[in-house]
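Enquirer: here is a sequence with its predicted model. Questions after.
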Amino acid sequence: MRLQMFVYLVVVIGLIGAAVMTVVFKQTSLPLWALEEVIERGYAVPSRSVFEVAHLLRSAGAERVLLLDAREIDEYKVSHLAGAQHLAPNILPEEFLQRYGAALRGKRVIIYCSVGKRSSDAAARLSQAAQKAGAVECANMRGGIFRWYTEQFELVDTSGQATRALHKFDRFWGMFVPERP
């Protein structure tokens, strides 16, 4: 318990320090890794890195993965991961099963948002329903679309065309993701 509190304290101090550095020295991004760590430690749901998700999509194929974007529809429309479907952030398990139930059997459900908070909430809320419907797993993508973008993976727009655009939610959250060169 003391070690966990120490880790949280170090991460929070790191985030505060990074915020100060951003304001004072005009740095372009806050450390996304610290935010990822805080979010992952706050939820008892599986978490997959963007590298694991990319490998899973390449090796297992889209037919074995149900990729869900738990951001607001306006965020999704700007850009999302190829093959991702929009998932209302606060969808209830019953609605989730009505909409996606037939597509869950034998699939790995990977949910993402901007940084992992909303998708972790969704994974925690929907995991049991997904597994009852036959899903192999229901996991959060660690770091969300911000990490995916930061690691130079491709995003698409609503027409399926590659895009460099990214919805940063607002000015504060936008500090967690650097501009692409």
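Expert: Okay, I see it.

Enquirer: quick one: the strands in this protein, in order.
Expert: With strands called from DSSP state E, the chain shows them at 47-48, 65-69, 85-86, 108-112, 137-141, 155-156, 162-163.

Enquirer: tell me the most buried of the ones you listed?
Expert: A comparison of those by mean neighbour count, using mean count of other Cβ atoms under 10 Å, puts strand 108-112 on top with a mean of 27. (C-beta placed from N, C-alpha, C; glycine too.)

Enquirer: quick one: mean pLDDT over it.
Expert: Throughout strand 108-112, pLDDT has a mean value of 98.

Enquirer: count the residues that sit near residue 100.
Expert: 21 (other Cβ atoms under 10 Å).

Enquirer: residue contacts, the closest residue in space to it that isn't next to it in sequence?
Expert: For residue 100, ignoring the flanking residues on the chain, the nearest one in space by Cβ to Cβ, 6 or more residues apart in numbering is residue 66 at 6.7 Å. When contacts are counted by Cβ atoms under 8 Å, 6 or more residues apart in numbering, residue 66 is found next to 85, 100, 103, 104, 107, 108, 109, 110, 135.

Enquirer: for residue 23, report the pLDDT, please.
Expert: The per-residue pLDDT reported for residue 23 equals 53.
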